[in-house]
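> What would the 3D arrangement of this be:
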Amino acid sequence: MASFPLPVSKNTHINGVILRNGIFAQYTIVWSGEFLKEEEMPTEENVFILQHMHDNNFIFAFWKSSENQPRILTPKHYKGCFQKEKSVSASNRYLFQLNDKYLLLPYLPVDLFQEWTDSVLYKKDSLAHSYLAGLFQEHLGGEFGAIERKRITRFCGWYASYEDIPIDAYRRLFVQVAKENKGHSIDITQDPKELSTEQVEKVKEAFRIVKSIFKGIIIQ
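Numbers count the residues shown, from 1 in each chain. You can find the predicted model right below:
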């Protein structure tokens, strides 16, 4: 079992936190780096790795302490964040233990791994968020993190393609229904014990439906 190449930060307590707002909504922090001061440039100590709750794709990012969401690492940051001699896994996956938990994470963004290894594990049209962010950043009028996220889905853990998936349609429908003032409703100022048996069953059924679509929406 190999050790993970990135240095462990003092922010490991936020590993597992799910981002609920912004373009990284539904992404989990699976590797936390150190937060950046406004004038600093990211180094390997500042690398964050996010994983989508459903698609399981990874995004490499950094996070400024003055901002409420991370920014995507682009190729211009690679030199300061990654070292070729530390990339020793043929699959770009490292199984290691941290804080009594086993993790399986990539060390490099897809495009950098391809460049350094000439890997055939990824299709030629498998483009990472970081590569696209760097390619189009000059046309976006700011950081890539400011534009709407396009979902990346994985096939067998490796192949990536850009597409709109059913969960996006359900999310839009959820927002639409939430704005409608009709149908069943529950007074949540009441304790569940004060509800009738019929009302409790309706609440449970609603919870089952929501949890089946948005897995992990409430952890505990």
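
> quick one, helices of the chain?
78-81, 110-117, 129-136, 166-178, 197-213 (DSSP state H).

> what pLDDT, on average, does the first one get?
Going back to what we said before, that points to helix 78-81. Averaging pLDDT along helix 78-81 gives 95.

> Lowest mean pLDDT across the helices of the chain, which one is that?
helix 129-136 (a mean of 50).

> Send me stretch 42-60 as PDB with only the CA atoms.
C-alpha atoms of stretch 42-60 as PDB (Å, rounded to 0.1, in the frame of the first residue of the first chain):
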ATOM      1  CA  PRO A  42      -1.100  27.500  -4.600                       C
ATOM      2  CA  THR A  43       1.500  24.800  -3.800                       C
ATOM      3  CA  GLU A  44       1.200  21.100  -3.100                       C
ATOM      4  CA  GLU A  45       0.200  22.000   0.500                       C
ATOM      5  CA  ASN A  46      -2.900  23.900  -0.800                       C
ATOM      6  CA  VAL A  47      -4.300  21.200  -3.000                       C
ATOM      7  CA  PHE A  48      -7.900  20.100  -2.300                       C
ATOM      8  CA  ILE A  49      -9.500  17.100  -4.000                       C
ATOM      9  CA  LEU A  50     -13.300  17.000  -4.400                       C
ATOM     10  CA  GLN A  51     -15.400  14.000  -5.500                       C
ATOM     11  CA  HIS A  52     -18.900  14.200  -6.800                       C
ATOM     12  CA  MET A  53     -21.400  12.300  -4.600                       C
ATOM     13  CA  HIS A  54     -23.000  10.500  -7.500                       C
ATOM     14  CA  ASP A  55     -20.700  10.700 -10.500                       C
ATOM     15  CA  ASN A  56     -17.600   9.900  -8.500                       C
ATOM     16  CA  ASN A  57     -15.500  12.200 -10.600                       C
ATOM     17  CA  PHE A  58     -12.700  14.200  -9.000                       C
ATOM     18  CA  ILE A  59     -11.900  17.900  -9.200                       C
ATOM     19  CA  PHE A  60      -8.600  19.300  -8.000                       C
END
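
> quick one: average confidence on it?
Mean predicted confidence for stretch 42-60 is 92.

> Once you drop chain neighbours, what's closest to residue 7?
Once flanking residues are discounted, residue 7 sits nearest to residue 45: 5.4 Å by CB to CB, 6 or more residues apart in numbering. All C-beta spots, glycine's among them, are computed from the backbone N, C-alpha and C.

> what comes up buried for stretch 9-19?
9, 11, 15, 19 (16 or more other CB atoms under 10 Å).

> OK, contacts around the first one?
Going back to what we said before, that points to residue 9. Counting by CB atoms under 8 Å, 6 or more residues apart in numbering, residue 9 touches 32, 33, 34, 45.

> Return the per-residue confidence for it.
pLDDT, residue 9: 94.

> thinking again about what came up before, isn't the residue nearest to residue 7 right next to residue 33, touching?
Yes. Judged on CB atoms under 8 Å, residue 45 makes contact with residue 33 at a distance of 6.0 Å.

> Thanks a lot, catch you later.
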